[in-house]
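> got a sequence here, can you build the structure:
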Amino acid sequence: MLGTNIFKLENLHLTNTSLCSQRETKSRQSFTVAVEGNIGSGKSTFLDHFKSNPNVEIFPEPVEKWKSVKGFNSLDLMYKDAARWSFAFQSYVTLTMIEHHQAIETPGKVKMIERSIYSARHCFIENLSRGGLMPAVDYNILLEWHDWIHKNADTHIDLIVYLKARPEICQERIRIRNRHEEQSVPLEYLQTLHSLHEEWLIEKKAGELPAPVLVINAEVDETDLKKTISKLEPQILCGISSNQTS
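So this is what the prediction gives:
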């Protein structure tokens, strides 16, 4: 059975009020939405929908930073030899995600971040450890960093949007978009990441979630996904419209 803070798409009409009221009690003038999901699940499509909304500030996953660290493509190194580069790469991911979490919020706007420090910890670092691609000492050092961050830094999010799609569908989308660094991503890797997202967001095996979760079926084609996002926009933005000024 799903936890009470996880909202299925078909039950969304029952949860709009609770989502907004829960977020408004934080006494913040802006909201942070974390968009989560597997590689190829549709996060870019989701974020593109809100690019023209003046009341939404979008923080895409900082892939370009990962690809250019003083001349080094850390993302490419990671995909080519995860056992060698996993600690260095995830250390940098942690830094860049913290930058997104702590970016100054514009009053009255929604800050939308692609992935979060939470998925970095519970999905990607965990995957490397379980797969034997990260030594125990590296894994535990990263956990200590994440524990310290959560105790001492503001990493709040107000809503998690989980774009849920089967690994086979994600693999086909990866093939079609043909990003150089992703061409060597095997189906097994996507299957493991899918399981970890389910453990974290649906089964709550990592403990209490940092925010309510809105699960969206992202297995549909791009046209239908865009229609679903449009339909859910009032819930995702807690009623802030594209015409509202800050």
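> list the buried residues for the helix of greatest length in the chain?
If you go by DSSP state H, the chain has its longest helix at helix 82-101. Using 16 or more other CB atoms under 10 Å as the test for burial, helix 82-101 gives 82, 85-87, 89-90, 92-94, 96-98, 100-101. From N, CA and C alone the C-beta is placed, and that goes for glycine too.
> after that helix, which helix or strand is next?
strand 110-114 (DSSP states H and E).
> now do that next one: everything it contacts.
Contact with strand 110-114 is made by 30-35, 43, 47, 50, 55-61, 97, 100-101, 103, 105, 157, 237-238, 240, as judged by CB atoms under 8 Å, 6 or more residues apart in numbering.
> which positions within that strand qualify as buried?
Of the residues in strand 110-114, 110, 111, 112, 113, 114 count as buried by neighbour count, 16+ other CB under 10 Å.
> pLDDT value on the fourth one, please?
The confidence metric pLDDT takes the value 97 at residue 113.
> only C-alpha atoms, please: export stretch 219-227 in PDB.
Extracted C-alpha coordinates of stretch 219-227, given in PDB (Å, rounded to 0.1, in the frame of the first residue of the first chain):
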ATOM      1  CA  GLU A 219       5.100   5.800 -20.500                       C
ATOM      2  CA  VAL A 220       2.800   7.600 -22.900                       C
ATOM      3  CA  ASP A 221       4.100   9.400 -26.100                       C
ATOM      4  CA  GLU A 222       5.400  12.900 -25.900                       C
ATOM      5  CA  THR A 223       2.100  14.500 -27.100                       C
ATOM      6  CA  ASP A 224       0.100  12.700 -24.400                       C
ATOM      7  CA  LEU A 225       2.700  13.400 -21.700                       C
ATOM      8  CA  LYS A 226       2.400  17.100 -22.600                       C
ATOM      9  CA  LYS A 227      -1.300  17.000 -22.300                       C
END
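> need the phi and psi values for residue 72.
Backbone torsions of residue 72, given as degrees, to the nearest 10, read phi -100, psi 140.
> all set, thanks.
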